[in-house]
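*Asks:* here is a sequence with its predicted model. Questions after.
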Amino acid sequence: MENFVIYNPVKLYFGKGVTGKIGKTASGIGKKALLVYGKGSVKENGSYQEVVSSLQAENIEIVEYSGIRPNPVVEDVDAAASLGRNENVDMVIAVGGGSVLDSAKFIAISIPVTHSCWDFATGKTKPKKALPILGVLTLAATGSEMNPFAVIQHNAEKKKIGFGHPLMFPGASFLDPAFTISVPANYTAYGIADLIAHALEGWFGEGDSTLTDRFIISIIREAMDYGPKLMENLTDYELRAKIMYAATMALNGLTAQGKKTGDWGVHGIGHCLSVLWDIPHGASLSIAFPAWMALQTQRIPGRISALGKEVFGLQTPEDTIGAFKTFFRQIGCPVSLKETGIQMNETRQNELLEVMALNKVSGMVHKLSTDDHRILVHRMI
Ligand code: NZQ
Ligand code: ZN
């Protein structure tokens with residue numbers, strides 16, 4: 001087992017009605033908040049109203065930035081940071097899914113400076129200060145609510161980069177599964193695929209940490225037991241709660257402890273699909289993971305078989321990959337680009353290969369060569 005430190009300062013409120021506590025938490029931080037959200041789902045599912053009432057009850061002044069897109073882009077974050085800077089806000093509050101939370105994290109480190117958030121993402125400069133961040137999660141998927149990571153896309157540069165810093169942990173996150181009941185079937189399924197992919201990135205990482213492996217398997221089995229049931233009954237609070245809890249645990253450190261690193265090569269591939277064709281994150285992973293496992297069949301057959309045995313009671317890598325594909329299809333996720341409506345002609349294949357090279361797509365453990373990129377593209381068609 002590798003040496004490790006557990007540090008997760010996020011105060012997580014989970015359950016019915018917990019968002020009502022956000023005003024009190026905010027009043028302990030300051031008097032003025034930048035409230036960030038997406039295109040409007042928060043106004044339909046009640047989360048916006050609950051947050052605003054709770055903040056108003058504590059006389060917190062609110063400045064709003066709305067319109068954050070799924071697969072968030074640099075321009076929105078920079079514009080929101082500039083608004084927050086001019087308005088002299090004391091904190092950033094995110095209400096929405098991973099895209100809004102990730103944007104809030106970049107906004108929080110960008111308000112104290114004057115350059116673009118992209119300079120942080122590319123490593124040109126390091127954050128030294130951040131405004132406190134509060135999160136109200138309305139979509140179970142990314143784990144952003146309890147981790148210090150954020151992912152941002154630069155369309156002109158055709159890059160999507162993940163970045164993490166301890167200053168980017170939310171101070172508190174409020175998770176009321178009732179707010180996720182309005183998530184449509186497609187995004188519910190993408191969220192399930194994403195949380196499974198986070199556990200898998202840990203499984204295919206490096207380092208012998210058997211208890212962590214058991215956490216990983218438990219999370220995948222939970223998602224596989226209850227995910228399909230949720231897809232049959234999207235309004236079931238208990239099922240929403242189970243998936244929300246699983247998604248948070250899949251990327252809050254629990255699936256990494258005692259390992260040197262996760263792999264994260266599949267996320268790199270997925271980000272290229274999002275940059276090029278705006279494919280939702282979870283859907284990019286249900287396409288990329290089976291392709292990646294197929295590429296690794298000869299290289300790490302034992303690890304893939306062990307996964308198949310624990311999750312499905314299967315013996316071979318081929319059967320394991322087949323079972324993952326069946327599962328993703330069963331919940332309504334694509335397992336090929338064709339299933340998303342993208343016809344992969346030669347031009348598109350080359351375009352994807354270029355973007356994979358530009359984004360230096362590889363794993364932390366299982367390195368990917370240019371030949372591997374070609375095989376992967378071929379398998380994802
Ligand atoms: O724009 P609005 O109106 O909010 O609609 C959103 C959006 O269209 C909608 N939605 C959210 N909550 C809803 C709802 N619709 C109805 N009812 C609700 N309660 O869902 C759509 C997708 O939202 P988004 O935030 O994009 O989804 P997700 O949570 O999957 O976030 C994806 C982003 O997170 C990044 C991804 O790369 C992607 O950019 N990731 C972040 C990670 C992290 N911070 O640790 C790790 C992940 O691997 C991932 O890379
Ligand atoms: Zn992910």
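*Replies:* Ah, there it is. Numbering: from 1, shown residues only. Ligands and ions are numbered 1, 2, ... in the order given.
*Asks:* confirm residue 213 sits in a strand?
*Replies:* No: following the definition DSSP: H, G, I helix; E, B strand; the rest coil, residue 213 is helix and is not counted among the residues of a strand.
*Asks:* all helices for the stretch 101-250 of the chain, in order.
*Replies:* If DSSP state H, counting those that start in this stretch is used as the criterion, the helices of the stretch 101-250 of the chain fall at 118-121, 185-203, 210-232, 237-250.
*Asks:* helix, strand, or coil at the residue of the chain most remote from its centre?
*Replies:* For the chain, the residue at maximal distance from the C-alpha centroid (Cα atoms, centre = their mean) is residue 59, at 32.5 Å. Reducing the assignment at residue 59 to three states with three-state DSSP gives coil.
*Asks:* which ones are touching it?
*Replies:* Listed by Cβ atoms under 8 Å, 6 or more residues apart in numbering, the contact partners of residue 59 are 27, 31. C-betas here are computed from N, CA, C, even on glycine.
*Asks:* got the helices of the stretch 101-250 of the chain as TSV, with mean pLDDT columns?
*Replies:* Converted to TSV, the helices of the stretch 101-250 of the chain look like this (pLDDT from 0 to 100):
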stretch	mean pLDDT
helix 118-121	98
helix 185-203	98
helix 210-232	98
helix 237-250	98
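*Asks:* deepest of those, which one?
*Replies:* Comparing the helices of the stretch 101-250 of the chain by mean neighbour count (mean count of other Cβ atoms under 10 Å), helix 185-203 comes out on top with a mean of 26.
*Asks:* give me the most central residue, the protein.
*Replies:* In the chain, the C-alpha nearest the mean C-alpha coordinate belongs to residue 142, at 2.7 Å (Cα atoms, centre = their mean).
*Asks:* count of neighbours near the nearest residue to it once chain neighbours are set aside?
*Replies:* Residue nearest to residue 142 in three dimensions, not counting chain neighbours: residue 98, with 3.2 Å by Cβ to Cβ, 6 or more residues apart in numbering. When neighbours are counted by other Cβ atoms under 10 Å, residue 98 registers 29.
*Asks:* please apply the same query to residue 350.
*Replies:* Each residue near residue 350 was counted by other Cβ under 10 Å, and the total is 11.
*Asks:* what does residue 314 give?
*Replies:* Neighbours of residue 314 under the rule other Cβ under 10 Å: 18.
*Asks:* so it touches residue 307, yeah?
*Replies:* No: judged on Cβ atoms under 8 Å, residue 314 makes no contact with residue 307 at a distance of 9.1 Å.
*Asks:* now do the shared contacts for those two.
*Replies:* Where contact means Cβ under 8 Å, 6+ apart, the residues bridging residue 314 and residue 307 through contact with each are residue 320.
*Asks:* quick revisit: which of the helices of the stretch 101-250 of the chain sits closest to ligand 1?
*Replies:* Among the helices of the stretch 101-250 of the chain, the nearest to ligand 1 by Cβ to the nearest ligand atom is helix 185-203 (4.6 Å).
*Asks:* who are the packing partners of that closest one?
*Replies:* helix 210-232, helix 237-250, helix 265-277, helix 281-296, helix 301-312, helix 317-331 (3 or more Cβ pairs under 8 Å, 6 or more residues apart in numbering; DSSP states H and E).
*Asks:* between it and helix 210-232, how big is the angle?
*Replies:* Here helix 185-203 runs at 170 degrees with respect to helix 210-232, directions being taken by axes from the mean of the first three to the mean of the last three Cα atoms, to 10 degrees.
*Asks:* ok, and does helix 185-203 reach over to ligand 1?
*Replies:* Yes: Helix 185-203 reaches ligand 1 (Cβ under 6 Å from any ligand atom) through 187, 191, 194.
*Asks:* before I go, just wanted to say thanks for your time.
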